[in-house]
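In: Compute the structure for the input listed below.
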Amino acid sequence: MNINKKHYISITLLFLAFIIIKMQFHFGDYCYGIGHGLLFILLSVLYLVTFIISISISIYSYFKNKQAINFIPLIITIVTILVLTLAFNFEWLDSPKKFTAGNEFMGSTLSIKENNSFLIKIQGHHMSCYYKGDYKINKDTLELLRKDIGTQTDNIFFNKYLIKGKNLSPIEGNLIVNDSARSLIIDKIYE
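Out: Residues are numbered from 1 along each chain as shown. Okay, the predicted model is just below:
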């Protein structure tokens with residue numbers, strides 16, 4: 001195995017690792033569905049096959065020609081596994097939640113965090129979409145500080161909510177919308 005083949009396999013593994021890792025880190029709004037999951041599995045299998053071929057060639061060359069074992073694919077794989085472990089467990093690094101509110105009719109949740117940020121999750125049949133932003137609470141009013149949150153979420157969520165006990169009633173303009181299908185219910189308070 002000459003030096004070019006070693007580098008070619010390592011570059012291929014680096015490229016696949018980068019794509020797999022990039023798929024798991026999201027900044028800003030994003031959607032994730034079955035297609036993304038299947039692509040992740042396909043790329044992971046391709047990575048695994050490439051890794052096994054690389055290690056097999058390296059071990060074969062070691063026993064046949066007494067060439068040094070190429071440890072670069074193993075190092076790339078260990079780093080990739082560590083980064084993916086971090087990506088899959090990224091939520092524990094995030095700011096703690098104050099409360100979570102949901103809407104049973106829409107299959108959506110609003111998570112309010114201690115660092116004055118929010119996360120909206122809208123779950124469909126084959127896809128989940130996530131929207132992030134900041135908020136502020138003035139007395140009994142929760143205001144999501146995104147002007148486009150209504151249009152981005154197909155008017156499932158509003159910019160302002162009136163907090164009444166465990167209910168979040170949307171405020172449209174200066175009017176409180178008293179529609180149970182559009183209101184949110186606080187289902188979990190974190191302390």
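In: which residues touch residue 150?
Out: Contact partners of residue 150, counting by Cβ atoms under 8 Å, 6 or more residues apart in numbering, are 157-159. Glycine gets a C-beta too; all of them are placed from N, C-alpha and C.
In: Of the residues you listed, which is the most crowded?
Out: residue 157 (24 neighbours; other Cβ atoms under 10 Å).
In: Report all helices and strands that the helix or strand where residue 14 lies contacts.
Out: Secondary structure assignment for residue 14, by DSSP states H and E: helix 3-24. The contact analysis (3 or more Cβ pairs under 8 Å, 6 or more residues apart in numbering; DSSP states H and E) places helix 3-24 against helix 34-65, helix 72-88.
In: Report the mean confidence score over the first one.
Out: The average pLDDT within helix 34-65 is 93.
In: in it, what counts as buried?
Out: By neighbour count on 16 or more other Cβ atoms under 10 Å, the buried set for helix 34-65 is 40, 47, 50-51, 54-55, 57-58, 61.
In: Are we agreed that residue 125 is in a strand?
Out: No. Counting by DSSP: H, G, I helix; E, B strand; the rest coil, residue 125 falls outside a strand, being coil.
In: For residue 13, see how far away it is.
Out: 35 Å (Cβ to Cβ, to the nearest Å).
In: Residue 116 now?
Out: 41 Å.
In: More neighbours: those two, which one.
Out: Ranked by neighbour count (other Cβ under 10 Å), residue 116 and residue 13 place residue 13 first, with 21 against 14.
In: Is that one in contact with residue 73, as I believe?
Out: Yes. Using Cβ atoms under 8 Å, residue 13 makes contact with residue 73 at a distance of 5.4 Å.
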